[in-house]
Every structure is written in structure tokens, then in C-alpha cells.
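1. Here you go, sequence then predicted model.
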Amino acid sequence: MFQGCKNLTNLKFNDNASTLNLEIIDNMFDGCESLLSINTKIFKINKVKNLNYVFRNCHSLTELDLSHFGTENIVELSSTFSECFNLTKINFSHFDTSKVTAIDKIFYYCQKLTNLDISMLDTKELITAKEAFANCESLTSLDLSSLNFNSLVYMDYMFTNCTSLKYLTLPNDMPMINSTNNLFENCNELTYINLNYLHSATNWEMAEKMFSDCTSLIEVVFPEIKTKSLFDISNMFL
């Protein structure tokens, strides 16, 4: 609807406007590079299944309040906030993600995010999170320990180029993990990584460049990992 409106700075919707019948809003604000604010309070998107690319390339947005969205049917959140270079705060309270299966590139290149609280999100159906936090260069800590990653299969490039990340806590169990290629590549502030979450993974196959260019890494803790399916660890510690 507003895709590519590069000079648009503000959007104000009438309080009486209804969004209840919306079903498709992919790329809605994609490329609104000058947009400073969006009145999201009117958004009730209970019929929408995908929020892919909705705020991508909104370079000037600094805050987003999504607490009023009705998202109980959302399945995909891929690249939703990708390349929102100046985004520093997102309110996810009351944001229903109980059906979400994909968050690939959700925060890709959110360069100004220093911390992010997504502990309230329901991730039990999540399958793929490729490049989810890649290039979040200002992110210093991330606690994902409260999330349910029991269905997660793909983590490739998930934290690649998180160059300021010092503290990372992952969920205790990820039994379905298949691929962790480039997972921590160029996380050059990380000194310690605990891989306990892989203890029950029986289908872990790929770990190419998993720790590549982790120049400050001192210790990696490997639990009793089942590696019978693992076939690609090329350049794992390069």
C-alpha cells in the first residue's frame, strides 16, 4: 500500500478506521525510508497470516508499539523489521506468536538495537530463524532462555555479525536442530558459548563456519552431543 514511499514522514489513521477484514499486508510500509512514526493503535489484524517485510527498510523509525495488534493467526514474521537501521525499541506485549513458524531475518540489520526483550513471545511452533539477528551490530546482550525452541530446525547465520554481543543465553533444549551454519560468525565479543541446548539433538547435520571469526572466544562447552548425523563442520573454528 505504501511500499516505496521514500519521502513519507508520518502516517495518521482515523481512530474509526477498521482493519478487521485485512488478510494480506506484506510489504505494507517497505521502503518508507523517511517514516518517523506510525499510529499502530488502530491495527486489529486478526485475519492476517503473514507480516513479512511489513516494516522493512523503514530506516528512520526509532520505536514501534505492536501491543494493539491482533496477531493470533500470524504464521510468518520474516524480514518484518529488516533494515530498520535506527530502530531502538519495540513493544511486543500482548503480541501473539503462538502459530509463528518462521522469523528469518526478522531483525536483520537493526543496527541500533542494543537490547531486546522477546521473552513474552510464544515460539513453540517456530521452525526457522535464519539470520534472525544477523548484523545487529549494537546488540550487547540477548536472553532467549525462556523461549521454546523444541520445534526449531534452522539457525543458520542467526547471530552473524553481532559484533557487540557479549552475553547470549539460549534455551536449554533444541531437539529438532538440523543446521547451525555460520551461527556465531564474527561475534567477536563473545568469550564463552555453552552448547548444552544441543544435548538432545539427533538430526544435527551442518555446522559450517559455526564459530568463524569469533576472535575473543575463550571457551566452548560441548555437552554429550549426538553427532552421528553431523557431516559438515568445515571451517568450524576458522
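-> Right, received. Where do you want to start? In this text the structure is predicted, and so the values were computed from the model without any measurement.

2. Neighbours of the nearest residue to E72 once chain neighbours are set aside, how many?
-> Closest residue in space to E72, ignoring its immediate chain neighbours: D96 at 4.4 Å, by Cβ to Cβ, 6 or more residues apart in numbering. For glycine as for every other residue, the C-beta is placed from the backbone atoms N, C-alpha and C. By other Cβ atoms under 10 Å, the residues close to D96 number 16.

3. Which residues are in contact with D96?
-> D96 makes contact with 70-72, 74, 122 under the criterion Cβ atoms under 8 Å, 6 or more residues apart in numbering.

4. What count of nearby residues applies to the spatially closest residue to M176 that is not a sequence neighbour?
-> Using Cβ to Cβ, 6+ apart and skipping the chain neighbours, the partner closest in space to M176 is V153 (5.2 Å). When neighbours are defined as other Cβ under 10 Å, V153 has 17 of them.

5. ok, V153 - contacts?
-> V153 makes contacts with 127-128, 176-179, as judged by Cβ under 8 Å, 6+ apart.

6. which among those residues gets closest to L168?
-> I177 (15.8 Å; Cβ to Cβ).

7. what's the domain layout of this protein?
-> Domain assignment for the chain, taken from automatic domain parsing, gives 1-100, 115-238.

8. circling back to that earlier point, please pick the buried ones from the contacts of V153.
-> Among the contacts of V153, the ones that count as buried by 16 or more other Cβ atoms under 10 Å are 127-128, 176-179.

9. Would you map the strands across the protein?
-> For the chain, applying DSSP state E gives strands covering 10-11, 37-38, 63-65, 89-91, 141-143, 167-169, 192-194, 219-221.

10. where are the low-confidence patches of this protein?
-> 15-17 (pLDDT under 70).

11. Need the residue closest to the centroid of it.
-> A132 (3.4 Å; Cα atoms, centre = their mean).

12. right, and that one touches K105 too?
-> Yes - using Cβ atoms under 8 Å, A132 is in contact with K105, at 6.8 Å.

13. quick one: the residue nearest to the centre of the chain from T19, how far?
-> As judged by Cβ to Cβ, to the nearest Å, A132 and T19 stand 27 Å apart.

14. cool, and F69?
-> In terms of Cβ to Cβ, F69 sits 10 Å off from T19.

15. Who has more neighbours out of the two?
-> Neighbour count, other Cβ under 10 Å: between F69 and T19, F69 has more, with 21 against 16.

16. how much space between S60 and H68?
-> 22 Å.

17. Now tabulate the strands of the chain in TSV and tack on mean neighbour count and distance to V54.
-> Listed next are these as TSV, based on neighbours: other Cβ atoms under 10 Å; distance: least, Cβ to Cβ, whole Å:
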stretch	mean neighbour count	distance to V54
strand 10-11	12	13
strand 37-38	18	10
strand 63-65	17	10
strand 89-91	17	12
strand 141-143	16	22
strand 167-169	15	27
strand 192-194	16	33
strand 219-221	11	37
